[in-house]
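In: just coords:
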Ligand SMILES: NC(=O)c1ccc[n+]([C@@H]2O[C@H](COP(=O)([O-])OP(=O)(O)OC[C@H]3O[C@@H](n4cnc5c(N)ncnc54)[C@H](O)[C@@H]3O)[C@@H](O)[C@H]2O)c1
């Protein structure tokens, strides 16, 4: 066991910072929570203990001390872990890390909760001591619910940094740690955002209704019941736009995801009109109330840009199982192949660029996006050979792990408690 983390500083008391501070306090760890103003940190603590289902008790909240960066920066000096969760802005993060470096103690751990800024840009030209102790700890929202934390050490970080963080995250904090690399959007958001952005384009071409698209992506594929459009309503089109801009800046120039960075015209119009999703009272879906007080769901027709009553989709048996759905020759099957097939092919080609192994990829999608099975588990359910044949017949390249599988002469990515490595042999699946 490495030196335990007993006191934590969280910088930034917004959605994520408050969540991380609450999670630590709930395990009995002392926390310092700093934002631009003490009032902001104080309000974050009130949010944690308030509402119908408080994230922490009043007693646990006493472990959190609210403060401001201007007056209380020095209080981080005896913290074992300093977790930054301020706005997603490189310069703001760099300025903050410089200030933290000046006051933190030797051996303390420094992490950022960035969603997509490359870690190397944050620590570039920073002192060697910081580069030794820095990592990304990427929590998912809501922090106390989502199991996933992506852990990405800096290229010069000491291995003990990853070890100490992983022990604390998976031990007292009860999270599922996924080891990722310092590549744009890491694992979960790289795959998940590609699925969502390409999904908007492919769904538009499919001629299927919003309800059918979401129904197909739900149970048959094993994604959460929100499907595609329902999930984007939850996230917000403004956040999707922000994500797309980050991808535009940071995706490799030859990345196939570039094709889908710009949202289709109807979604851009919705963005312009402020029809962003649940937070603005409606996006693709909205809950309406008639004059008599009766509630009903409406769906936004993307072609006519008008609202209509929601009409729940009913799927045939053939469409209820991914292994048959993907090979069905009707609109539903073609769409499922188009979207899920390309998402799986994209993911397949990203190993080992974004992850050393398939296990971390599958865990990221299960723990961070609520998929019932990760991409390689889905490929196993479909049949990798069958998938590769159709992919190749459609002009796709057999690369990445599909090529490793083919060359190794095996049939599945997982066998019992083992998984296929990039070297083409099977190894034990590491404990969670
Ligand atoms: N919200 C999510 O779903 C989510 C998920 C994973 C990661 N993230 C990442 O976590 C970080 C925080 O996101 P969030 O959603 O909590 O944002 P937020 O807007 O809810 O909170 C950001 C906080 O930073 C503070 N802040 C702004 N400028 C600052 C400065 N110069 N110095 C110090 N504090 C400052 C703000 O007062 C605010 O309280 C970002 O890097 C974001 O990309 C967000």
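Out: Thanks, I have it. No experiment lies behind these values; they were computed from the predicted model shown. Residues are numbered from 1 along each chain as shown.
In: okay, now the domains of the chain?
Out: Segmentation of the chain into domains, based on automatic domain parsing, reads 7-179, 188-316, 318-428.
In: gap between the two ends of the last one?
Out: Yep, that's domain 318-428 we're talking about. Using CA to CA, to the nearest Å, the end-to-end distance of domain 318-428 comes to 35 Å.
In: equivalent analysis for stretch 276-289, please.
Out: 19 Å.
In: now what about that stretch, what contacts it?
Out: Contact with stretch 276-289 is made by 210, 229-230, 232-238, 270, 274-275, 295-300, 307, 310, as judged by CB atoms under 8 Å, 6 or more residues apart in numbering. To be clear about C-beta, it is placed using only N, CA and C from the backbone, and glycine gets the same treatment.
In: ok, now how distant is residue 88 from residue 100?
Out: Residue 88 sits 17 Å away from residue 100, going by CB to CB, to the nearest Å.
In: near the ligand, which residues of the stretch 1-150 of the chain? Just list them.
Out: With CB under 6 Å from any ligand atom as the criterion, the stretch 1-150 of the chain comes near the ligand at residues 12-17, 35-36, 40, 69, 85-88, 92, 96, 113-115, 139-141.
In: got a quick ChimeraX command for the buried subset of those?
Out: Per 16 or more other CB atoms under 10 Å, the buried members of these correspond to this ChimeraX selection:
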select :12,13,16,17,35,40,69,85,86,96,113,114,115,139,140
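In: excluding chain neighbours, give the residue nearest to whichever residue of the stretch 1-150 of the chain sits closest to the ligand in space.
Out: Nearest residue of the stretch 1-150 of the chain to the ligand, counting by CB to the nearest ligand atom: residue 14, 1.7 Å away. Using CB to CB, 6 or more residues apart in numbering and skipping residues adjacent in sequence, the residue nearest residue 14 is residue 85, 6.8 Å away.
In: which residues does the one you found contact?
Out: Taking CB under 8 Å, 6+ apart as the criterion, residue 85 is in contact with 10-12, 14, 16-17, 20, 112-113.
In: the residues of the stretch 1-150 of the chain next to the ligand in helices, which ones?
Out: Using DSSP state H, 15-17, 40, 69, 92, 96 are the members of those that sit in helices.
In: sorry, back to before: just the closest of the contacts of residue 85 to residue 414, please.
Out: Nearest to residue 414 among these, counting by CB to CB, is residue 113 at 31.0 Å.
In: measure that closest one to residue 99 for me?
Out: Distance from residue 113 to residue 99, by CB to CB: 17 Å.
In: please name the nearest non-neighbouring residue to residue 58.
Out: Spatially, and ignoring its direct neighbours in sequence, residue 58 is nearest to residue 49 (5.6 Å; CB to CB, 6+ apart).
In: give me phi/psi at that neighbour?
Out: Note on residue 49: its backbone torsions stand at phi -100, psi -10 [degrees, to the nearest 10].
In: just checking, it touches residue 63?
Out: No - using CB atoms under 8 Å, residue 49 makes no contact with residue 63, being 11.8 Å away.
In: looking at those two, which is more packed in?
Out: residue 63 (19 against 16; other CB atoms under 10 Å).
In: where does pLDDT dip in this structure?
Out: 1 (pLDDT under 70).
In: which other helices and strands contact the lengthiest helix in it?
Out: Counting by DSSP H, the longest helix found in the chain is helix 188-206. Judged by 3 or more CB pairs under 8 Å, 6 or more residues apart in numbering; DSSP states H and E, helix 188-206 is in contact with helix 210-217, helix 229-235, helix 237-250, helix 331-336, helix 342-349, helix 358-369.
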